[in-house]
Every structure is written in structure tokens, then in C-alpha cells.
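>>> coords please:
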Amino acid sequence: MFYAIPLESRPSWRSPPWMTVLLILVNMLVFWGPQRAEDKAQAQAAQFYLQSSLPTLELPPFVAWLQETGSPRAAVARRLLAREGHAELLEGLQQEQGFLRKLHADQVITRGHPQYANWKRERQRYEALLPPPFTTRWAQDHDADAEFKPWTWLTSAFLHGSNGHLLGNMLFLFLFGFSVELALGGGLYLGFYLLGAVGASALAAWAYAGQGGYGLGASGAVSALMGMYAVMYRLRRIRFFYQLFFYFNYVTAPALILLPAWIANELLQHAVGGKGIAYMAHLGGLLTGALLMAIAMRWRRLRLPEASPKQAPDPFEQHVTAARRLAGEMKFEPACAQWRAAAKLRPDDADTLRAWFNTARLWPAGEDFHRAAHRIFRLRPQDPATLELQHASYKIYLDHAKPGARLRPEDMARLARRFTRAQQFADAERLCHALMKTAPAHPELAETVTLCASGLMQAGQREQALGWLPHLLRLAPEDMVTRMLQKA
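Below you'll find the predicted structure:
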């Protein structure tokens, strides 16, 4: 996953980006108006369906039909049927036009079926509750037998599947749209936005033809704006915030370099993931937007939005640069001071804390070593990288701190819980014992010991978990984990 957000340009309210604001409002009105009303009516119809005999009569043949046709959804549908996931199966059934045609032609529940009359009556009542189609009418249909409706290449760009889908697209529409609108002017900007939506849908129609499902969302048109933005600024160095998988940072780079990066990301995501997100629509938008902006810049001179005034140097970056320079010169004591200053500015930056800790360990009796360790132990993220950093730092700190490790009870409790999640049970148990010894009345003691015992049980280490039963009977006698261990 890769995305980049420009930080240089700001909206100019002397010349407001009214067309961008209007596009955002239209998207919101469509979703929270007719689409939301349709969703509510469909929910009421689904409630009737699930309480009727229709799931028993229709869903098993539907799953069998998916298997017969070799649908990639067959395996998931079979599992849903086994655990009676009727609501999810109904949603899938409503999107399979081929099965619905057979159903309406009495080829699934035939006239000779003993429940035919009851099925027909309840099916008619269910369909009477369904609202007139809105989303499916105006979205792109990728079914093999879908009617050719080229106008949906445009209308689908104003539909969305959820609140998150809508708000994410509107955020990127605003971030990129206002700069492009200020350069093109409202009229040309709107025309290019709509053409970008069409170009995105055209590539999606080719890439997903016959695969079933519907295409909808403004992301293709927004991708066109991103392509326009990259070509518009070309080699101008723009400050971006970017994320690459789980890594994120800031970078200043020529805007045009982002275009191949975005294109490569969409191709990779399509090849590797590809399900549920129309990456080819994004690619179509990027290519269309880049082409349109290249034509516009050849046709006329654009008034590019001014970049933000040059900012003062970032003190954090200055400290980091100085620390690295000093370490390279083998001046570790002043380097440690620079890392300490950087950590003060960004106390939750794991890389900075790691560098401070590794430098400070040269003086294991020094205050910096203890303070850097404590900062690492109090990092809040619970991702594997953070847990690994905390555990590795704990082992080093325990072995090297002089005259000895200084761990507060709250640090012991926090680390014991985190090491349990990381399945570092030996250190988690050691910390639990230390916490019981040094702070027997600590408010988090019962929760910490319970979590440790539960983790041991889940990891299959039953005997070690039973060793905590006497303590749990005293600390949390009514807890579910205690009861489970009593029965073990």
C-alpha cells in the first residue's frame, strides 16, 4: 500500500475552490440522500426475507449454482451456509443476476416443488418491499450479461459503498482538487474531472468485464486529479507525507516522480490483492488525468498555485542530523545529548528512542540509559515492530543497567501484558512475579496476571498456566480465566 499527500499548497480563500466544494457536496448528497434511503428500504426487506422460509428454499440452490458455475465466491458461500450466515448470502444473491434470472423463471424452485406456492407468495412479498434500484441502476455493472450502459461510466463516480469509502475519497478530492482547480479554472477543472471519471471507468470496464459485481466511487476521478497534479507541478519539489505499507514519513521530491510510483502501486495491488477495490479504475484515472493535464499545459500557460513560504528548519531534523554526524565522528557523548533533545521533541518516535537508547548504553550507569529505556517501555503502539523493540530493549536494559534496572510497577504491568501478547512468556511471568513482590496492591496486578495465564492457556502451555491458579484465586476469583483453570 502506498499513498502520498501534498503539504505545500494551501487553499486560497481569495479565490476559493468552489467547484471542488460543489463536487464534494454532490457526492455527499447522493450518498446520504437516495443511496441511504435505498439502504434503509433494503434492510427492511432483508429483515422480512430472513424471517421467512425463503433462506431455506433459495440459499442452498444458490450456493450449489455458485459451485456449478465455478464462481470464486463459492467456497466462502459454502462456509456461510454451513454457519447460517443468511444475511451475507442474501447480499451476494441479490448481486448475481444470472441466478436471479433462473429464480424468476421458476427454474430453481419449480412448479412441481411442494413449497412452490408458499415460495412464490413470499418471494413476491419480498420483492414488493425492495425499493426501486438506484445504486445498481447508476453503477457500472461488470456482469458477463450486463447491458451496455456507457452513461454509468460517469454516474458511478458519484456513488459510494459506505461512509468510510465516501469520506476517504472526499478527503483526497479536496487535497488534490483545490490546487488543480486554481490552475485550470472552475469550468475546465470540472470538465477534466468528469473526463477523468470516464477514463477510469473505461479501463475498469475492460479489466473487470465478466467478473461480476458493480463499480462505484469517486476514486477513479480523484486519481485523475492526482495524475493532473503530478504533471502540473512536474519537477517542482513538493513536500509530501507518504506511507509505504507500515512505514510513513515526510519527503521533499519532484512532483512528477509520484506518477510512476502511483502507477506501480496500482498495478502491484491489482496483481497481488485485486479483490474488492477497483485498482484498474485508479490506474485509468491516473493515466487520463496525466494526459489531460499534459494537453492543457501544451495548449495554454497555466497559473500554478504558489507554494507555501519556505518554512524554518525543523528543530527535530536538526537534532537528528547533528546526532548522526557526531556518531559518525565517534563523538558519542554529544551525540547522546542530541538524541535526547530529539526525543524530547518527538517522545513517541520509535526510531529516535532506539538510537538514543543504543547510544546511551555506552554509559549503563548514566541517567540517559534509564530514561531512554523508560521512554521505550511506554510507547503506546502494539504492532509487532514496537513489541519487538520493547522486548529487545528490556533484555538489554535488564542485563546492563547499573547499579540495576529501575522499573516502576506500572512499567512492569505494561511490559508483562505486552510480552504476553508477543508470546514472550518467560519474561512476562518474571515481571508478574516481580510485580506481586514489589507492589502486591497495584490496581493492574489482577488484570496482568489474568492476561498472562490466559495467554499461556491459548498457547497450549497448560501446566504453566495452572501454576498461576493459586494467585488468581486470591486476585480474581470470579474471573472467567480462573474458572477455566479450575476446571482444567
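>>> what about the helices in the stretch 1-150 of the chain?
For the stretch 1-150 of the chain, the helices defined by DSSP state H, counting those that start in this stretch occupy 18-30, 36-51, 54-68, 74-82, 86-95, 97-104, 116-129, 135-138.
>>> again but with the stretch 251-400 of the chain, I slipped
With DSSP H, counting those that start in this stretch as the criterion, the stretch 251-400 of the chain has helices spanning 258-272, 279-299, 315-328, 332-345, 350-360, 367-377, 384-400.
>>> for the first one, which positions count as buried?
The one in question is helix 258-272. Buried residues in helix 258-272, counted by 16 or more other Cβ atoms under 10 Å: 258-259, 262-263, 265-266, 269-270. In short, each C-beta sits where N, CA and C put it, glycine included.
>>> try stretch 199-217
Buried residues in stretch 199-217, defined by neighbour count with 16+ other Cβ under 10 Å: 199-205, 207-208, 212-217.
>>> what does stretch 80-91 give?
Using 16+ other Cβ under 10 Å as the test for burial, stretch 80-91 gives 80-81, 85-86, 89-90.
>>> and if you look at stretch 405-423?
407, 409, 411-420, 422.
>>> avg pLDDT for stretch 297-304?
The pLDDT scores in stretch 297-304 average 74.
>>> which residue sits closest to residue 428, ignoring its sequence neighbours?
residue 419 (4.0 Å; Cβ to Cβ, 6 or more residues apart in numbering).
>>> Surely the one you found touches residue 425?
Yes: using Cβ atoms under 8 Å, residue 419 is in contact with residue 425, at 7.5 Å.
>>> ok now stretch 382-395, how far from the chain's centre?
Relative to the centre of its chain, stretch 382-395 is centred 23 Å away, using Cα atoms, centre = their mean, to the nearest Å.
>>> meant to ask about stretch 63-77
28 Å.
>>> That one: end-to-end distance?
Taking Cα to Cα, to the nearest Å, stretch 63-77 runs 6 Å from one end to the other.
>>> Please identify the buried residues of it?
63, 65-66, 71, 73-74, 76-77.
>>> quick one: contacts of that stretch?
Stretch 63-77 is contacted from outside by 62, 78, 81, 89, 92, 96, 98-99, 102, 108, 212, using Cβ atoms under 8 Å, 6 or more residues apart in numbering.
>>> what pLDDT, on average, does it get?
89.
>>> Same check on stretch 404-421?
In the prediction, stretch 404-421 has an average pLDDT of 92.
>>> Next one: the residue of the chain most remote from its centre from residue 300, what distance?
Residue farthest from the centre of the chain, counting by Cα atoms, centre = their mean, is residue 112 at 49.7 Å. Note on residue 112: its distance to residue 300, by Cβ to Cβ, to the nearest Å, is 71 Å.
>>> what do you get for residue 262?
For residue 262 relative to residue 300 (Cβ to Cβ), the value is 25 Å.
>>> likewise residue 50?
Going from residue 50 to residue 300 by Cβ to Cβ gives 59 Å.
>>> Kindly report the same for residue 313.
38 Å.
>>> List the residues that contact the residue nearest to residue 428.
Residue 419 touches 387, 390-391, 394, 425, 427-428, 431, counting by Cβ under 8 Å, 6+ apart.
>>> Residue 462: which of these is nearest?
residue 425 (12.5 Å; Cβ to Cβ).
>>> Just list the residues touching that closest one, thanks.
With Cβ under 8 Å, 6+ apart, residue 425 has these contacts: 419, 452, 455-456, 459, 461, 464.
>>> Turn those into TSV, columns for secondary structure and distance to residue 54.
Listed next are the contacts of residue 425 as TSV, based on DSSP: H, G, I helix; E, B strand; the rest coil; distance: Cβ to Cβ, whole Å:
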residue	secondary structure	distance to residue 54
419	helix	51
452	helix	49
455	helix	44
456	helix	47
459	coil	44
461	coil	48
464	helix	51
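>>> Please pick the buried ones from the residues you listed.
Buried among the contacts of residue 425 (16+ other Cβ under 10 Å): 419, 452, 455-456, 464.
>>> for the residues you listed, which one is nearest residue 160?
Taking these together and measuring to residue 160 by Cβ to Cβ, the closest member is residue 455, at 40.5 Å.
>>> Distance of that closest one relative to residue 478?
20 Å.
>>> Could you do residue 24 as well?
The value you get for residue 24 to residue 478, if Cβ to Cβ is used, is 52 Å.
>>> more crowded one of these two?
Ranked by neighbour count (other Cβ atoms under 10 Å), residue 24 and residue 478 place residue 24 first, with 19 against 6.
>>> gap between the more buried one and residue 193?
In terms of Cβ to Cβ, residue 24 sits 11 Å off from residue 193.
>>> so how many other residues sit close to the residue lying closest to residue 347 once chain neighbours are set aside?
With Cβ to Cβ, 6+ apart as the criterion, residue 347 has its nearest non-adjacent residue at 6.3 Å, and that residue is residue 375. Residues lying near residue 375 (other Cβ under 10 Å) number 21.
>>> go on, residue 438?
Neighbours around residue 438, by other Cβ under 10 Å: 12.
>>> For residue 252, give the beta-bridge partners.
residue 239 (DSSP bridges).
>>> So it sits against residue 241, correct?
No: taking contacts as Cβ under 8 Å, residue 252 lies outside contact range of residue 241: 11.0 Å.
>>> And these two? Which one has more around it.
Set residue 252 next to residue 241 and count neighbours by other Cβ under 10 Å: residue 241 wins out with 13 against 10.
>>> now the helix or strand where the more buried one lies and helix 258-272, what's the angle there?
When elements are assigned from DSSP states H and E, residue 241 belongs to strand 237-244. Calculated by axes from the mean of the first three to the mean of the last three Cα atoms, to 10 degrees, strand 237-244 forms an angle of 10 degrees with helix 258-272.
>>> Put the alpha carbons of strand 237-244 into PDB.
What follows is strand 237-244, C-alpha atoms only, in PDB (Å, rounded to 0.1, in the frame of the first residue of the first chain):
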ATOM      1  CA  ARG A 237      10.000  20.000  -5.400                       C
ATOM      2  CA  ILE A 238       6.900  19.400  -3.200                       C
ATOM      3  CA  ARG A 239       6.800  18.300   0.400                       C
ATOM      4  CA  PHE A 240       4.700  15.100   0.800                       C
ATOM      5  CA  PHE A 241       3.600  13.000   3.600                       C
ATOM      6  CA  TYR A 242       3.700   9.300   2.400                       C
ATOM      7  CA  GLN A 243       3.000   5.800   3.700                       C
ATOM      8  CA  LEU A 244       4.600   2.700   2.200                       C
END
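>>> name the helices or strands packed onto that strand?
Strand 237-244 sits against strand 2-6, strand 247-254, with contacts defined as 3 or more Cβ pairs under 8 Å, 6 or more residues apart in numbering; DSSP states H and E.
>>> re the thing from before, just the buried residues of stretch 199-217: which are in helices?
When the buried residues of stretch 199-217 are checked against helices (DSSP state H), the matches are 199-205, 207.
>>> State the pair within the residues you listed that is farthest apart.
Across those (Cβ to Cβ), the longest gap, 12.7 Å, separates 199 and 207.
>>> chain center to stretch 418-437, what's the gap?
31 Å.
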